[in-house]
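Undergrad: What follows is a predicted protein model with its sequence.
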Amino acid sequence: MIRKIVHAGAALALSLGMAAASQAGVKQINGAGSTFAYPIFAKWAEAYHKATGVRLNYQSIGSGGGIKQIKKKTVDFGASDAPMKPEALEKHGMIQWPQVMGGVVPVVNLPGIQSGRLRLDGATLADIFLGKIRKWNDARIVALNPGLKLPGRRITVVHRSDGSGTTFIFTSYLSKVSPLWKQKVGVAKAVSWPSGVGGKGNEGVAAYVKRIKGGIGYVEYAYALQNKMTYTLLKNRAGNFVAPTSANFQAAAAGAEWGKARHYYLVLTDQPGDEAWPITGATFVIVHARADHPERTAAVLRFFDWAFHHGRKMADELDYVAMPDKVVEMVEKSWAGEIRAADGSPVWSQQEKE
């Protein structure tokens, strides 16, 4: 069962910890960023709290806010669904790694139409968000949905108003399937939207879509399930109409070549595969490579190490995709090799893990 998701704009004290971190004197660690990953971070934290009383104050403020906070060193880690480019990481002396993968889904408010009934393809979805398709019974939507009775209701686009990794993933997909979108709008955590209304966070978009008949938006899949929203099918690169499911997110992630990606910079949208969900993405955790407070950075790494090795079932329950073992091994090697205290000593080691 998916635990209740509280408003992402507020700082939430998520309980987590580990005996070794507690012994090191760290009672609380601080993070900020991704709303996309908030449901699984919260679930991991709840389970992990049973080990110790160490807490995480996680501000689910969006990926853009998370990157700003970690740059300013006001938090111990940032979380972003838009990976930072290698050049930007090196400029700011930071490293990132993929922690978990999931799906972004288009959601609609069309009374009488259930989840998985409405079919869309990438070009049509892009033209809806460009404001070129304005009615639900437009000929292009009708052609994709033979036998489905579509209303003549006006389409209201709902998008994110804040800097968002969910937006980065969504606009990355639209740019790959629509040359016009790529030319006019492009890919970013925040873009100049051609049409529609903005909501803050996944929760804000979900709330607007639920309220506006004829609305369409995009949210992380756990929010669609939590709010019992109507999601669409999408035509993938292989030409199949697929549903947003954990198995289909896994299919999209299967071909990801993380080992070839410099600083793990990899975008998973529009991947090949018969069952691949086309709007799949990862959440990246970002820390400073030179740790001003190595004991705090070590506490962060211990938590995410625990999540890698003990949080897989919880990720599955919320329809996220856990990172493959070979990727976890690569990530933890990069922790050991790249994260250093002021005296040059490694912050992470096998001894730290144990």
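TA: Here it is on my side, so go on.
Undergrad: List the buried residues for the lengthiest helix in the chain?
TA: Identified as the longest helix of the chain according to DSSP state H is helix 294-310. For helix 294-310, burial by neighbour count (16 or more other C-beta atoms under 10 Å) applies to 294, 296-308. C-betas here are computed from N, CA, C, even on glycine.
Undergrad: Quick one: low-confidence residue ranges for this structure.
TA: Along the chain, segments meeting pLDDT under 70 span 1-24, 52, 350-354.
Undergrad: domain assignment for it?
TA: Domain ranges of the chain: 11-100+282-353, 104-264, per automatic domain parsing.
Undergrad: for stretch 144-156, which positions count as buried?
TA: Buried residues in stretch 144-156 (16+ other C-beta under 10 Å): 144-145, 150, 155-156.
Undergrad: ok so, going back, which helices and strands sit right next to the longest helix of the chain?
TA: Other helices and strands packing on helix 294-310, by 3 or more C-beta pairs under 8 Å, 6 or more residues apart in numbering; DSSP states H and E, are helix 19-23, strand 28-33, helix 38-48, strand 94-108, strand 280-288, helix 325-338, helix 350-353.
Undergrad: quick one: the second one to helix 38-48, angle?
TA: What it means is strand 28-33. 160 degrees (axes from the mean of the first three to the mean of the last three C-alpha atoms, to 10 degrees).
Undergrad: export strand 28-33 as CSV, just CAs?
TA: Output of strand 28-33 as CSV, limited to C-alpha atoms (Å, rounded to 0.1, in the frame of the first residue of the first chain):
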residue,chain,number,x,y,z
GLN,A,28,20.1,14.6,11.6
ILE,A,29,21.1,15.0,8.0
ASN,A,30,19.5,17.4,5.5
GLY,A,31,18.5,17.1,1.9
ALA,A,32,16.3,18.9,-0.6
GLY,A,33,15.1,18.5,-4.2
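Undergrad: Pull the residues that contact that strand.
TA: Residues from elsewhere that reach strand 28-33 (C-beta atoms under 8 Å, 6 or more residues apart in numbering): 16, 54-63, 65-67, 69-70, 74-80, 165, 286, 296, 299-300, 303.
Undergrad: now do 6 Å
TA: 55-59, 61, 63, 66, 69, 75-80, 296, 299-300 (C-beta atoms under 6 Å, 6 or more residues apart in numbering).
Undergrad: Let me know how buried residue 313 is, in neighbour terms.
TA: 9 (other C-beta atoms under 10 Å).
Undergrad: ugh, typo on my part, it should be residue 228
TA: For residue 228, using other C-beta under 10 Å, the count is 8.
Undergrad: which ones are touching it?
TA: Neighbouring residues of residue 228 by C-beta under 6 Å, 6+ apart: there are none.
Undergrad: Pull up the gap between it and residue 156, please.
TA: 19 Å (C-beta to C-beta, to the nearest Å).
Undergrad: where exactly do the strands run in the stretch 101-250 of the chain?
TA: Using DSSP state E, counting those that start in this stretch, the strands of the stretch 101-250 of the chain run over residues 119-120, 156-160, 197-199, 215-220, 230-231, 233-235, 241-242.
Undergrad: okay, the ones you listed, which one's buried deepest?
TA: A comparison of the strands of the stretch 101-250 of the chain by mean neighbour count, using mean count of other C-beta atoms under 10 Å, puts strand 215-220 on top with a mean of 28.
Undergrad: Point out the other helices and strands that it packs with.
TA: strand 94-108, strand 156-160, helix 201-211 (3 or more C-beta pairs under 6 Å, 6 or more residues apart in numbering; DSSP states H and E).
Undergrad: Nearest approach to residue 127 belongs to which of those?
TA: strand 156-160 (10.9 Å; C-beta to C-beta).
Undergrad: who touches that closest one?
TA: Outside strand 156-160, the residues within contact range by C-beta under 6 Å, 6+ apart are 129, 167, 193, 195-199, 205, 208-209, 212, 214-215, 217.
Undergrad: just to revisit the earlier point, with distance to residue 270 as added columns, please give the domains of the chain in a markdown table.
TA: Compiled in a markdown table, the domains of the chain are given as follows (distance: least, C-beta to C-beta, whole Å):
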| stretch | distance to residue 270 |
| --- | --- |
| domain 11-100+282-353 | 15 |
| domain 104-264 | 4 |
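Undergrad: if we can go back for a sec, and which of the buried residues of stretch 144-156 is nearest to residue 322?
TA: Using C-beta to C-beta, residue 144 comes nearest to residue 322 of the buried residues of stretch 144-156, at 33.0 Å.
Undergrad: my guess is the closest one meets residue 117, correct?
TA: No - Residue 144 is beyond contact range of residue 117, at 11.5 Å (criterion: C-beta atoms under 6 Å).
Undergrad: rewinding a little: the buried residues of helix 294-310 into JSON lines, with extra columns for distance to residue 175?
TA: Listed next are the buried residues of helix 294-310 as JSON lines, based on distance: C-beta to C-beta, whole Å:
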{"residue": "294", "distance to residue 175": "40"}
{"residue": "296", "distance to residue 175": "37"}
{"residue": "297", "distance to residue 175": "35"}
{"residue": "298", "distance to residue 175": "39"}
{"residue": "299", "distance to residue 175": "38"}
{"residue": "300", "distance to residue 175": "33"}
{"residue": "301", "distance to residue 175": "34"}
{"residue": "302", "distance to residue 175": "38"}
{"residue": "303", "distance to residue 175": "34"}
{"residue": "304", "distance to residue 175": "30"}
{"residue": "305", "distance to residue 175": "35"}
{"residue": "306", "distance to residue 175": "36"}
{"residue": "307", "distance to residue 175": "31"}
{"residue": "308", "distance to residue 175": "31"}
